[in-house]
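Undergrad: sequence plus predicted model, see below.
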Amino acid sequence: MTGKNRLNGGMIDRSTSFGFTFDGVSYRGCAGDTLASALLANGVRLMGRSFKYHRPRGPMTAGSEEPNAIVELRSGARKEPNTRATTAELFDGLVANSQNRWPSLKWDAMAINDLFSPFLTAGFYYKTFMWPKAFWEKLYEPMIRRAAGLGTLSHDPDPDNYDKGYLHCDLLIIGAGPAGLAAALTAGEAGARVILADEDFVLGGRLIADTGTLADEDGATWAGKTVARLQAMPNVRVLSRSTVIGAFDHGIYGMVERVSDHLLEPAPGKPRQILWRVYSKRAILAAGATERPIVFENNDRPGIMLASAMRAYANRWAVSTGSAIAVFTNNDDGHRTAADLVSKGVKTTVIDTRPDAPETTDYETLSGATVTNTQGRLGLAAIEVTLSSGTTRSLTVDGLGVSGGWNPNVHLTCHQRGRPQWDENLAAFVPGGTLPSGLSVAGAASGAFSTHRALQTGQAAAVEALGDLGLKASNPDLPKAEDAPIRVTPFWHVTGAKRAWVDQQNDVTAKDIKLAHQENFRSVEHLKRYTTLGMATDQGKTSNIAGLAIMADVAGKQIPEVGTTIFRPPYTPVAMGVLAGRSRDKTFRPVRKTPSHYWAEEQGAVFVEVGMWMRAQWFPQPGETHWRQSVDREVLQTRKSVGVCDCTTLGKIDVQGTDAAEFLNKVYANGFAKLPVGKTRYGLMLREDGIVMDDGTAARLAEDHFVVTTTTANAVPVYRHMEFVRQCLFPDLDVQLISTTEAWAQYAVAGPNSRKLLQKIVDPEFDISNEGFPFMACGEITVCGGLRARLFRISFSGELAFEIAVPTRYGDALMRRLMEEGKEFDVVPYGLEALGVMRIEKGHAAGNELNGTTTANNLGMGRMVSKAKDSIGSKLSERPGLNEADALKLVGLKPVNPDDKVVAGAHLMTKGTPVDAAHDQGYITSACFSPNLGFHIGLGYLKSGDTRIGEIIRLVSPLTGVDHEVEVVSAHFVDPEGERLRA
Amino acid sequence: MHDLSPLTPLGNAEPSIESIGEVTLEEVTDVALASVAARLGREDDTRLALATLIEVDAPAPSRHAGSTIRAFWTGPDQWMVEAPLETHEDLAKMLSNEIGSAASITEQTDAWCRFDLVGNDLFRALELLCPADTADWSGGEVQRCSIEHLGCFVLCRDPSTVSILGPRSAAGSLHHALVTACHAAF
C-alpha cells in the first residue's frame, strides 16, 4: 500500500516500494514517484510555508516550475535545502523535511506575519526600517536576515563529488516531449550526432502526463518505444535527468546531469552531478509550455494547483489530488483535466470564465463563473464561486485545478537578450527577436500546442537543422495525434481580491503590484525589483505573465506594451557544488612538485605553496623548535661552507634562432647582442610602460641559442610576453621559443666550498676552477660519469655559487648525490626562507621589489637601460615622472637599536615630520633577521635614497604600532664588493 | 655511463600501471621527446628533414604520424618528436645532427609526463577531462587542451589507446584527474 489517494494505472512501479520520511513521519511510495506525488498519494498536501507570510502551501505544479513545495532533502552532510518536491525522485530511505517553519509545519509561529500583512507589503523594507539610522546595521538587517532565507545548511563538507565535462554534437535537442522526440527521430535517422536532453527522469513530456493517443497507442507507450529506438542509435545520446540551464555563445549550452540524485548516495567513484558544456552546431528548443494560474482570493491553499499538474498526478503517478475536485479554467485544456479525473472516478466540477464554455454530461460546468474565495486552514476545504448570474455558490472540494492558459517555455531563447513576442491568439509570449545563433524552437515552446503540431514542428525544425548541417532528412512517418484548436479567452485575475497571490514563492500579491504602480514603479523592471515578482528561484515561471497582466490592467495598457523582463541562466537552480566540480579542497588546483620533492619530504622539510609549486621552506633538524633556528643555521652554514637549494621552479625558456640575440636585445633593457658564448648575463625586462616586468639571466650556449631564466612567479607571464613579442611585434625575426622549466632539475650550490663539492660530481674533463669557469660562465658538461648537465656560475646568495641542471628524472638522484658527497663539507640543504635571507643580505631584488610599480631607476639600475639600442619599455622609462630628482631608490635599512625589528610593509618617515601620506618617504619591501649580522635588516624604497646613506629616519607602521629609528645603508649588507662570488 | 637512477614523474622507480574497470592507465617513461621548430624561411627544409626521419610526411595540424620515430603537430611549423628512450636518449642532439640549422631543436623528454589510457570507449573518460571532441577518434589525432587546468596534449594512438602528455611537475595532479575520471566513467 503506497497511499490512500492512489488510483489505478499510472507509470509507477508498484512492485518496488520505497520507504521515506517527511518531517519525521514514515511513508511509502513507489519507484517512479516524486516526493510530491508520493506525499500526495499518502494524503499529505501541506509541504511548506511561504517565504514572507508563512502561509501553508502545497505543490502547485508537477515539475521544475514549482514555487511552493520547497523542501530539504537528505540529512547530515548531504542535506540540501530548497529543492523541489515535485522533481525530487523518490528513493528508498529518502529523508525529507519541510523548511521555513518553527516549531512545526502545522504550527508555525512565524505565521503571525500573515496577520501583519498590511504592514508587509511591497517595499516595506525600504519604508519601515528608516529610523533610527544606526539601527539598520545593528538591529534591522540582522533581524531581517535571520527571518529570511529558506532552509538550513549542514555546515559539513559535501561528501559527494561533482564533475564537469564536455559534449559535442551536431544537434542538441532540449526537451523530450513530442516535438523533441520527433526532432530526435528525424535527425537520428539522418545520421546526425544528436544529444537529446530532458530534465525529467522519464522522457515524453506531456505524452506521459496526458491520456491522448498517437496512432493506435497511448502517448506514453509511443514515447517509450521512441526513446528505446533512439537509445539504440549509436549516433544519438539520450540524457534524462539533464537540464539545459543556459544558452551561451557559439552554440554552447550548459547542462546539469543529475547522475546520482535519485540514489541514497552515489555509487563509489561516481559523481553526484555533472556540469556539461555542450558544443552544438545546431540546437532545437523543445522545452514545452507551462500552464499558468489565475489569480483570485486565497488562491494559495494546499490543494489548489495547476489543472495540468492535477492531470499529471492522476495519469502518470496514479494519484488523486482530492476526493471532490473543481477545475477553474478560461480555456478548453481545463476541461481535459476534468475529463481525465472523471474517467478515473473523481467527482469534478468545472468553473469556466467563458460564457460559451463547452458543455458535457460527464461533469457539471459553471459557465461564465469565477472562483472568488477559498476556505481551509491547512488545506483546501471549500471554494466560493460567483456564478454568471452574480450569485455565489459554495462548493465543498478538497482539490482545485486552475488553468489560465499556457506559456511557451521561451527562457533559453532569451539568454542572449532575445525578447519574446506577444501572440494574440495564444494570449501568450512566444519566442521572438534574435535567438541564440543556431537555435530554433519547436512544439509548445514555439506556441504549437497540439500534439500533432508539436510532432510536425519538431520534425520540421530537425529537417531545417539537418539542411544546415549538410545532411539529408529521411522524414520518418509520424503518428497521427490530436490537433485540438487553441480556445482560450484571456482571464488573468478576479477583480476585487484582497489577498490574491501572483508570485507564490516570493509572496507577491495582486495588491502589491497595484501598490508598486501607485508608487510610480511603472517600468516592468522596476516592478520586478520593487515587489520581487519573479525573483525567486523559480524565476517566475508561473507568475510573471499574471503580474504583467495586472500591471497592464492598472496602467490601462495592453500586455505587450508593458513589456517583459529578461530570463537569465540558469533555467532552474543549480547546486554550487557542480559549478565547482572537482576543483575543491586539496584538488582545488594542480600541485607542482620539484624534482627533489620526495627527498625533501624524507628530510621532514616544511613546504610552502609558491604559486602552484610546493617548495621546501626550511629543513628542521632534531632539536630545532622554531623556524628561525632552522633558517639561521641554513644561512650560516651555507655562507660558512656550502648549501644546496632546489631552484627548478625558476622559469627556463629556450631561445633559439639566428636572430635570438637580437630578439633578447628587444625584450631586455640591457644589451645581449655581444654576450659571448659560454657567458651568462643578468637581464632586466621592462613592460611597454617602462615599469620593470621581471629580471633574470640569459645564458648563451651557442651563437643562436640562449637559455633565459625568469623568476618563479613570472615564468608564465614572461613566456607569454616573449611569445607576443615574437609573434606580433617582431615576426620577421628568426627566433623560436619553448619552455624548458620542467625539463631540467636545477640546484643552486652556494658557499665557499661549492666548487669543491661540485668538483666531486662534475666529470674531470670539465674545468670549473675560477680561471676555467669564471663568474657568470655557463656551459654544457657531464656529471657522475657521463650524464649531460648544464652549469651556470651565477649567485643569488652572494656567495661563490653555481647552478647545476640535469634532466629532471635524475634530479632526485643528483640531490642525494650532492648531499652524500657534501658530507665532508657539512653541506646543508637550504629552503626558500634561507634563500630569501641571503638575497636580502646581498641586496638582490626579488618579487617584493619588482612589484609592478618600480622602475630600473628605482632599483638603482637606471644605467642598465641601454640608450644604444631600442628595447621594449626603454622610451617610456624616460618619462619625467619616473625620473624625478627625489625618485624612490632601493636602499638597505638597519635598526639603530639592534633589538628593533625591520618590518616589511612599514613606511619610512623623515624624523620630525608628521606620520601621514603627504610626508611619506618610502616603504620597506623585504625584511628579515640576518644571522650573519645579528640583527634585523630590510630593503626598501626611499626618496632620493642613494643620497641619504647614513641618515637616521623613522620606520613606522601605524597598523602594528611600530615606530623606531633605522639607519639608511647600502642594500648590500654582505660582501658589497662581490669578492666572494668571484672567488 | 653515469650511475644516477631516474625517478618516474610520479616519483617512483618504476612506472605505475593500474586497471580501472576495463581500462588500463599506464605511466609511460620510455619515450624521448624533442621539439622541432622550423627556422624562418626554412619551413620546407624542416618538413622534408622531419619526413625523412619519421618515414612519412610531417604531420598536418592536429595529427601525428611516424614509425619508430614519430612526430605530432604542436603549432605552425613546429612538432614534437617521439622516439624510444633506450635507443634515443639524447634525441635532441640526434635531431640537431639530422636537421641541421633548418630548425631549432630543444630537449623535452623530462618536460612532460605521459599516461596512456587503454581500453574501449575512452571518450567517456576524456569527455570528463578535456574539451576535445574525441568520440570519433580512430587514430592519428592530437589535440592541445587543458586538463585539470594544465596544458596537455592528447594523442589517439588507435581507437583503444590514448596518450596524455602533461607537465611533469604536476604529474600527480594529472594522474589523480585521470584516475578520477576513469572511475566516474567506467
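TA: Ah, there it is.
Undergrad: and chain A, what are its domains?
TA: Taking automatic domain parsing as the criterion, chain A consists of the domains A:1-152, A:162-289+A:409-469, A:293-404, A:499-562, A:592-648+A:743-829, A:651-739, A:840-862+A:875-969.
Undergrad: export the ones you listed to TSV and tack on mean pLDDT and mean neighbour count?
TA: C-beta coordinates here come from the backbone N, C-alpha and C atoms, glycine included. Compiled in TSV, these are given as follows (pLDDT from 0 to 100; neighbours: other C-beta atoms under 10 Å in any protein chain shown):
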stretch	mean pLDDT	mean neighbour count
domain A:1-152	91	18
domain A:162-289+A:409-469	97	22
domain A:293-404	97	22
domain A:499-562	94	21
domain A:592-648+A:743-829	98	20
domain A:651-739	97	20
domain A:840-862+A:875-969	96	17
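Undergrad: which regions of chain B sit below the pLDDT cut-off?
TA: For chain B, no stretch has pLDDT under 70.
Undergrad: check chain B for its longest helix and report it.
TA: With secondary structure taken from DSSP state H, chain B has its longest helix at helix B:171-185.
Undergrad: so which of the domains of chain A is nearest B:T8?
TA: domain A:592-648+A:743-829 (7.4 Å; C-beta to C-beta).
Undergrad: secondary structure class for A:V956?
TA: Three-state call for A:V956 (DSSP: H, G, I helix; E, B strand; the rest coil): strand.
Undergrad: from what I can see it touches A:V962, true?
TA: Yes. Counting by C-beta atoms under 8 Å, A:V956 touches A:V962, with 6.4 Å between them.
Undergrad: check contacts around A:R809.
TA: B:6-9, B:29, B:109-110 (C-beta atoms under 8 Å, 6 or more residues apart in numbering or on different chains).
Undergrad: those in strands, which ones?
TA: Counted as lying in strands by DSSP state E, out of the contacts of A:R809, is not a single one.
Undergrad: re earlier: right, so of the domains of chain A, which gets closest to B:R114?
TA: Distance to B:R114, taken as C-beta to C-beta, is lowest for domain A:592-648+A:743-829 among these, at 12.4 Å.
Undergrad: quick one: the residue nearest in space to the middle of chain B from chain A, how far?
TA: Against the mean C-alpha coordinate of chain B, by C-alpha atoms, centre = their mean, the closest residue is B:L165 at 5.0 Å. Here the distance between B:L165 and chain A works out to 11 Å (C-beta to the nearest C-beta, to the nearest Å).
Undergrad: that older thread, keep the contacts of A:R809, but drop any that are not near chain A.
TA: Among the contacts of A:R809, the ones lying near chain A by C-beta under 8 Å from any C-beta of the partner chain are B:6-9, B:29, B:109-110.
Undergrad: rewinding a little: residues contacting the residue nearest to the centre of chain B?
TA: Under the contact definition (C-beta under 8 Å, 6+ apart), the residues listed for B:L165 are B:112-114, B:152-155.
Undergrad: and those as JSON lines, adding secondary structure and distance to A:M838?
TA: Converted to JSON lines, the contacts of B:L165 look like this (DSSP: H, G, I helix; E, B strand; the rest coil; distance: C-beta to C-beta, whole Å):
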{"residue": "B:W112", "secondary structure": "strand", "distance to A:M838": "33"}
{"residue": "B:C113", "secondary structure": "strand", "distance to A:M838": "32"}
{"residue": "B:R114", "secondary structure": "strand", "distance to A:M838": "37"}
{"residue": "B:C152", "secondary structure": "strand", "distance to A:M838": "37"}
{"residue": "B:F153", "secondary structure": "strand", "distance to A:M838": "39"}
{"residue": "B:V154", "secondary structure": "strand", "distance to A:M838": "43"}
{"residue": "B:L155", "secondary structure": "strand", "distance to A:M838": "44"}
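Undergrad: closest to chain A out of those?
TA: Checking these against chain A by C-beta to the nearest C-beta gives B:W112 as the nearest, at 7.1 Å.
Undergrad: helices along the stretch 101-250 of chain A, start to end?
TA: A:112-115, A:124-128, A:135, A:141-147, A:178-189, A:219-231 (DSSP state H, counting those that start in this stretch).
Undergrad: format these as TSV; extra columns: distance to A:G76.
TA: Listed next are the helices of the stretch 101-250 of chain A as TSV, based on distance: least, C-beta to C-beta, whole Å:
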stretch	distance to A:G76
helix A:112-115	31
helix A:124-128	35
helix A:135	38
helix A:141-147	24
helix A:178-189	38
helix A:219-231	36
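Undergrad: next, A:G696: phi, psi?
TA: When quoted as degrees, to the nearest 10, the phi and psi of A:G696 stand at phi 170, psi -160.
Undergrad: I should have written A:K347 there, sorry.
TA: Comment: the main-chain dihedrals of A:K347 come out as phi -70, psi 130, following degrees, to the nearest 10.
Undergrad: the one 5 residues further on now?
TA: Per-residue torsions, A:D352: phi -110, psi 130 (degrees, to the nearest 10).
Undergrad: wait, isn't it in contact with A:T365?
TA: Yes. The pair A:D352 and A:T365 qualifies as a contact (C-beta under 8 Å) at a distance of 6.0 Å.
Undergrad: between the two, which contacts overlap?
TA: Taking C-beta under 8 Å, 6+ apart as the contact rule, the neighbours common to A:D352 and A:T365 are A:335, A:358.
Undergrad: what do A:V956 and A:V962 both touch?
TA: Once C-beta under 8 Å, 6+ apart is applied, the residues that A:V956 and A:V962 both contact turn out to be A:A906.
Undergrad: thinking again about what came up before, can I get the longest helix of chain B as PDB, trimmed to CA atoms?
TA: As requested, the backbone C-alpha atoms of helix B:171-185 are provided in PDB (Å, rounded to 0.1, in the frame of the first residue of the first chain):
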ATOM      1  CA  ALA B 171      52.100  14.600 -12.800                       C
ATOM      2  CA  GLY B 172      50.400  13.700  -9.500                       C
ATOM      3  CA  SER B 173      47.600  16.100 -10.100                       C
ATOM      4  CA  LEU B 174      47.100  15.000 -13.700                       C
ATOM      5  CA  HIS B 175      47.200  11.300 -12.700                       C
ATOM      6  CA  HIS B 176      44.600  12.000 -10.000                       C
ATOM      7  CA  ALA B 177      42.400  13.600 -12.500                       C
ATOM      8  CA  LEU B 178      42.700  10.700 -14.900                       C
ATOM      9  CA  VAL B 179      42.000   8.100 -12.200                       C
ATOM     10  CA  THR B 180      39.000  10.100 -11.000                       C
ATOM     11  CA  ALA B 181      37.600  10.400 -14.500                       C
ATOM     12  CA  CYS B 182      38.100   6.700 -15.200                       C
ATOM     13  CA  HIS B 183      36.300   5.800 -12.000                       C
ATOM     14  CA  ALA B 184      33.500   8.200 -12.900                       C
ATOM     15  CA  ALA B 185      33.200   7.000 -16.500                       C
END
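Undergrad: pull the residues that contact it.
TA: If you take C-beta under 8 Å, 6+ apart as the criterion, helix B:171-185 is touched by A:161, A:163, A:268-271, A:582, A:587, A:590-591, A:593, B:9-11, B:16, B:18, B:20-21, B:23, B:25, B:27, B:113, B:115, B:117, B:124-129, B:147-148, B:150, B:152, B:164, B:166-167.
Undergrad: tell me the buried residues within the residues you listed.
TA: A:161, A:163, A:269-271, A:582, A:587, A:590-591, A:593, B:9-11, B:16, B:20, B:23, B:25, B:27, B:113, B:115, B:117, B:124-129, B:147-148, B:150, B:152, B:164, B:166-167 (16 or more other C-beta atoms under 10 Å in any protein chain shown).
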